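1. heads up, no residue letters with this:
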């Protein structure tokens, strides 16, 4: 295994397009990849395919890794690798979603639509979880189970959506107001204390769960939840 400094050197080189550095990272992390792959054996996907997916996840982790977060690369890479495998197994249909989960996901999505229509903004994960009497992590898992690829020309399932295709609902890419909001959001994030900035970046830009962030930061999931709620509320107030 490479030491942390060697790993960082290879990551920097790989980001510059050095193929040999990528090969080194893959070769020196074989044990890590295999340990993650073993968790998903016996679920309808061959070992070689799982290992290839794990390698893809590792390379994505290399591209997304930010040294300023102050965490070990392996700590950051594990959820990325596992996520690559889980996304494939979910979207490929290897992991069957139960009827109860599908029903729950449909109810939750309907609640989100109705809430958004009534409040002008989507509910938070916490609000969804509280509405259905479950933990936030469970709500995220159930909602994630229903995210399957659809055609942008597919019509909605509700009566008032039948004449409207998904492409008609997509926002314009040259929306100046949206661009300004993104710049304001970036400035607000940059102004946060280092730990709070790290939490927000991991949660919303690295797609990590509160539990995964808690492991990276070294605190409890409850603390992450409290910090995240406070920071998000402060940012909303700051941005108006």
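-> Good, I have the coordinates. Bear in mind the structure is a predicted one, so any value in this text is a computation, not a measurement. Numbering: from 1, shown residues only.

2. what about the closest residue to residue 134 other than its chain neighbours, how many residues nearby?
-> Residue nearest to residue 134 in three dimensions, not counting chain neighbours: residue 142, with 8.0 Å by Cβ to Cβ, 6 or more residues apart in numbering. All C-beta atoms are positioned from the backbone trio N, CA, C, and that covers glycine. Residue 142 has 24 neighbours, counted by other Cβ atoms under 10 Å.

3. how far off centre is stretch 33-46?
-> 21 Å (Cα atoms, centre = their mean, to the nearest Å).

4. give me the mean pLDDT for that stretch.
-> What stretch 33-46 shows for mean pLDDT is 85.

5. would you mark the buried spots in it?
-> Neighbour-count burial for stretch 33-46 flags 33, 36, 37, 40, 45 (criterion: 16 or more other Cβ atoms under 10 Å).

6. wasn't the last one part of a helix?
-> No. Judged by DSSP: H, G, I helix; E, B strand; the rest coil, residue 45 forms no part of a helix; its state is coil.

7. so who does the most centrally placed residue in the chain touch?
-> By Cα atoms, centre = their mean, the mean C-alpha position of the chain lies nearest to residue 207, the distance being 2.2 Å. Residues counted as contacts of residue 207 (Cβ atoms under 8 Å, 6 or more residues apart in numbering) are residue 83.

8. for it, grab phi and psi.
-> Main-chain dihedrals, residue 207, degrees, to the nearest 10: phi 60, psi 40.

9. quick revisit: avg pLDDT for the helix or strand that contains the residue nearest to residue 134?
-> Using DSSP states H and E, residue 142 sits in helix 136-145. Averaging pLDDT along helix 136-145 gives 68.
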